[in-house]
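Novice: Dropping the sequence and predicted coords here.
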There are 2 protein chains.
Amino acid sequence: MAVTIDDIAKAAGVSSATVSRVLNNSGYVKDETREKVLKAIKELNYTPSAIARSLSKKKTNTIGVVVPEINNPFFGEIIKGISEVADEHNFNLILCNTDEDIKKELRALKLLKEQRIEGILITPTSTDSDYSSEYLWTIENLGIPVVLIDGHVKYSNFNGVFVDHIKGAYDAVKTLIDEGHEKIAIITGRMNSRPARERLAGYKKALKLHNIPIKEEYIFYGDYTHEKAYEITKKILEMKDRPTAIFVSSNMMVLGCIKAFSENNIEIPKDMAIIGFDKVEVLNIIGMNISFINGPTIEMGKIAMKMLIDILNNSQATDTKTINLSPQLVLKGSEKYVR
Amino acid sequence: MAVTIDDIAKAAGVSSATVSRVLNNSGYVKDETREKVLKAIKELNYTPSAIARSLSKKKTNTIGVVVPEINNPFFGEIIKGISEVADEHNFNLILCNTDEDIKKELRALKLLKEQRIEGILITPTSTDSDYSSEYLWTIENLGIPVVLIDGHVKYSNFNGVFVDHIKGAYDAVKTLIDEGHEKIAIITGRMNSRPARERLAGYKKALKLHNIPIKEEYIFYGDYTHEKAYEITKKILEMKDRPTAIFVSSNMMVLGCIKAFSENNIEIPKDMAIIGFDKVEVLNIIGMNISFINGPTIEMGKIAMKMLIDILNNSQATDTKTINLSPQLVLKGSEKYVR
DNA sequence: TGATGGAATGTAAGCGATTACATAATTAGA
DNA sequence: TCTAATTATGTAATCGCTTACATTCCATCA
């Protein structure tokens, strides 16, 4: 690690400025000189220091990525998308996993700012907690371009790539209605999260527009966990006026439903129709015909990264950029069996 | 971003050295002075530059993480483990996703070296390709501590946290034998990957030690994909002397098997026993009783990161450190039904 | 009261690159 | 052959910190 640009300069018998020119393909360098320099670089196994370069150029070519749960493939795919575009544009990625802990999120932001990253891509923890105002304040005062991914931050308008949860939920429920269902239950997410609220809104909207009365008994408040969904589903199955379809507000919760179904020999979609928000790839691979509403994860990552690059290149523009992606409904068999 | 340590110094009426002392809690600083400095920092919303600090300290407190497939939860969990420990020790993570492309892997290594990271955690692409010698050379000449995670690099001894694939496979197959199975098939991974070869070896060892002849017809060469496993499983089901159990060499391939099973109304484990290498959490959540051999992913990430920190703290020690983790067999119901 | 030594702060030289500016070498044009 | 333009290279300041060393301040003690 000891070898520096000066060592190369000495070895090649030139000045460090010349070596720098070779390194950056800038300015004038005689071919012969370039050869000498390249030779020295190779012989000494020299790798320039991005740190020093960053300091003098005031440019790190690094962006920060903040996700709440790295081991969830949903975020894994977003990162995959980000990383693809970042690669193409020679950006490095500093990753921060926050475990849905807003304190860690705050810490991550501080840390990233210290690293002098050029921009941040962040999938905000989906909670309106006590810290959220501090959180907001921090983001706004970061002085660094931020692009949010899937998850509006309350009361604020930031750049971002968002999923239209209302429309997604609406589409899902409408599909069920079109198939003839009228008794449609919903299992919501944590209601202090915006996506959960919006999905519920989409559910209600679809019912209303199709003149189906909204029954409070059909609205079940979940918390995004499969355990809770499992409990809820068992209850649903015991109802005397049992729903014929369930709209499930998250992928993990779908799993809980399925478990309850299989324990009670409920066949999908013969005995019960189900549509979930955000796919569980595995289920389709093993041949289960579960329909999903999908936020296009990899795509979202790509778009967000492109948006960020765009912002970096036009730093004078101050208007906030927003893209709303419509989640896509992937139907798998459910329609075949309708009454 | 314009505000520097000198601005703070000026604002607080001290020298930059004093500000630095406050920042790092080093040397002597009068309480009164400290207050002034902290006040200035707060008022000017100052964040020190990690870049400049790294340059002068020759220490970045950053480590590089290289994974082949970020959207696979297997790696997501490893990263989660890494990130947990890294957090505790104030290390930053630069993430490189390589898409199983050894060229990208090489590029990532170069990039990380430029960033002057302190160490690298790498889950090598599981292929012995044409580039592997260059790859090896690069790793060895990096001059940076490397800890491998799950995947020996051919012919080399590096620091690393490994899974004992032979033992894992052996345990799995032995379990099947103990349950009374004698006709046990295996679906292997890509044979140019070391884990695949070792798992096959474990399979053979178990049969041999229990005096069950190894039949070539029961060895099926897969490629880690669920599609291929699906095809293979269909063929297995059509065999006249059909196996009663299958040992499947990867988690994705288990999914292909299950699909084929369900299409043919094969019940697990009544009609066919199956044990897979590396879990698919989702299957257990939905109540499917599939047994798995698990490399403890999160744990591996943690251990690897701890090992790296250990190495960084004892840079004089030159012996290579190696930990072999025994994968754990998680039985789910399969035993209940044996003949 | 002056010597002594710890506490508090400042000065300035790096860290390893980039780059504005100066200068030297080469080429072309008249 | 001389001048002007181009090309090629070097010098040194700079980026924002840390830190060795120097200096000043102040309390304590003989």
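Specialist: Thanks, I have the structure now. Numbers count the residues shown, from 1 in each chain, chains lettered A, B, ... in the order given.

Novice: which residues does A:Val146 contact?
Specialist: A:Val146 sits next to A:119-122, A:139, A:158-159 when contact means Cβ atoms under 8 Å, 6 or more residues apart in numbering or on different chains. No exception for glycine: its C-beta is placed from N, CA and C like everyone else's.

Novice: swap that for A:Ile286, please
Specialist: B:255, B:258-259, B:262, B:283.

Novice: In space, what's closest to it - neighbours in sequence excluded?
Specialist: Leaving aside its sequence neighbours, A:Ile286 sits nearest to B:Ile258 (Cβ to Cβ, 6 or more residues apart in numbering or on different chains; 4.4 Å).

Novice: surely the one you found meets A:Met288?
Specialist: No. Assessed by Cβ atoms under 8 Å, B:Ile258 is found out of contact with A:Met288, at 9.4 Å.

Novice: higher neighbour count, the two?
Specialist: B:Ile258 (28 against 17; other Cβ atoms under 10 Å in any protein chain shown).

Novice: Check the secondary structure at the more buried one for me.
Specialist: helix (DSSP: H, G, I helix; E, B strand; the rest coil).

Novice: Which pLDDT value belongs to it?
Specialist: Reported pLDDT at B:Ile258 in the predicted model: 92.

Novice: From DNA strand D, how far out is it?
Specialist: 55 Å (Cβ to the nearest atom of the strand, to the nearest Å).

Novice: Kindly report the same for A:Ala17.
Specialist: Distance from A:Ala17 to DNA strand D, by Cβ to the nearest atom of the strand: 3 Å.

Novice: A:Lys42 now?
Specialist: Note on A:Lys42: its distance to DNA strand D, by Cβ to the nearest atom of the strand, is 18 Å.

Novice: ok, now A:Ile298?
Specialist: 36 Å.

Novice: what's near enough to touch the closest residue to that residue other than its chain neighbours?
Specialist: Distance criterion Cβ to Cβ, 6+ apart; nearest residue to A:Ile298, sequence neighbours excluded, is A:Gly81 at 4.0 Å. Counting by Cβ under 8 Å, 6+ apart, A:Gly81 makes contact with A:297-305.

Novice: Can you list the buried residues in stretch A:78-87?
Specialist: In terms of neighbour count (16 or more other Cβ atoms under 10 Å in any protein chain shown), stretch A:78-87 has its buried residues at A:78-83, A:85-87.

Novice: cool, stretch A:261-279 as well?
Specialist: A:261, A:266, A:268-269, A:272-279.

Novice: quick revisit: what would the contacts of A:Ile286 look like in CSV with distance to B:Cys96?
Specialist: Shown next, in CSV, are the contacts of A:Ile286 (distance: Cβ to Cβ, whole Å):
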residue, distance to B:Cys96
B:Leu255, 27
B:Ile258, 33
B:Lys259, 33
B:Ser262, 38
B:Leu283, 30
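
Novice: And these, which is closest to DNA strand C?
Specialist: Within the contacts of A:Ile286, the smallest distance to DNA strand C is 47.6 Å, found for B:Leu255 (Cβ to the nearest atom of the strand).

Novice: Next, the closest one: secondary structure please.
Specialist: Using three-state DSSP, the structure places B:Leu255 in helix.

Novice: Farthest-apart pair in the contacts of A:Gly81, please.
Specialist: Between any two of those, the greatest separation by Cβ to Cβ is 13.0 Å, found for A:Thr297 and A:Met305.

Novice: quick one on the thing from earlier: out of the buried residues of stretch A:261-279, which are inside strands?
Specialist: Among these, DSSP state E puts A:273-277 in strands.

Novice: for these, which one is nearest A:Tyr224?
Specialist: Lowest distance from A:Tyr224 to these (Cβ to Cβ) belongs to A:Phe277, with 10.4 Å.

Novice: now that closest one: how far from B:Thr175?
Specialist: 38 Å (Cβ to Cβ, to the nearest Å).

Novice: now A:Pro213
Specialist: Distance, A:Pro213 to B:Thr175, by Cβ to Cβ: 55 Å.

Novice: quick one: A:Asp6 from chain B, how far?
Specialist: Distance, A:Asp6 to chain B, using Cβ to the nearest Cβ, to the nearest Å: 15 Å.

Novice: Now do the same contact list for that residue.
Specialist: A:Ser16.

Novice: Beyond the helix or strand that contains it, next helix or strand please.
Specialist: Here A:Asp6 sits within helix A:5-12, counting by DSSP states H and E. The helix or strand immediately downstream of helix A:5-12 is helix A:16-24, counting by DSSP H and E.

Novice: By neighbour count, which bits of that following helix are buried? Give me those.
Specialist: By neighbour count with 16+ other Cβ under 10 Å, helix A:16-24 contains the buried residues A:18-23.

Novice: Among those, pick out the one closest to B:Leu207, please.
Specialist: Nearest to B:Leu207 among the buried residues of helix A:16-24 is A:Leu23, at 58.3 Å by Cβ to Cβ.

Novice: Hmm, the closest one is touching A:Pro48, no?
Specialist: Yes. The criterion here is Cβ under 8 Å, and A:Leu23 meets it with A:Pro48 at 5.9 Å.

Novice: which residues do these two both contact?
Specialist: In contact with both A:Leu23 and A:Pro48: A:Ile5, using Cβ under 8 Å, 6+ apart.

Novice: picking up where we left off before, which one of A:Thr297 and A:Met305 has more residues nearby?
Specialist: A:Met305 (30 against 23).

Novice: Would you tell me what helix or strand the closest residue to DNA strand D within the stretch 101-250 of chain A is located in?
Specialist: Closest to DNA strand D within the stretch 101-250 of chain A is A:Arg116: 8.4 Å, counting by Cβ to the nearest atom of the strand. Assessed by DSSP H and E, A:Arg116 sits outside every helix and strand.

Novice: Number of residues surrounding it?
Specialist: 20.

Novice: That one: what's it in contact with?
Specialist: A:54, A:60, A:62, B:1, B:49-51.

Novice: So which of those residues reach DNA strand D?
Specialist: Applying Cβ under 7 Å from any atom of the strand to the contacts of A:Arg116, one finds that B:49, B:51 fall near DNA strand D.

Novice: Show only the entries of the contacts of A:Arg116 found in helices.
Specialist: Mapping these onto helices (DSSP state H) picks out A:54, B:50-51.

Novice: Now neighbour count and pLDDT too, for the residues you listed, in CSV please.
Specialist: Listed next are those as CSV, based on neighbours: other Cβ atoms under 10 Å in any protein chain shown; pLDDT from 0 to 100:
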residue, neighbour count, pLDDT
A:Ser54, 22, 97
B:Ala50, 23, 97
B:Ile51, 22, 97
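
Novice: Adding distance to DNA strand C, write these out as CSV.
Specialist: Shown next, in CSV, are the ones in helices among the contacts of A:Arg116 (distance: Cβ to the nearest atom of the strand, whole Å):
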residue, distance to DNA strand C
A:Ser54, 8
B:Ala50, 13
B:Ile51, 9
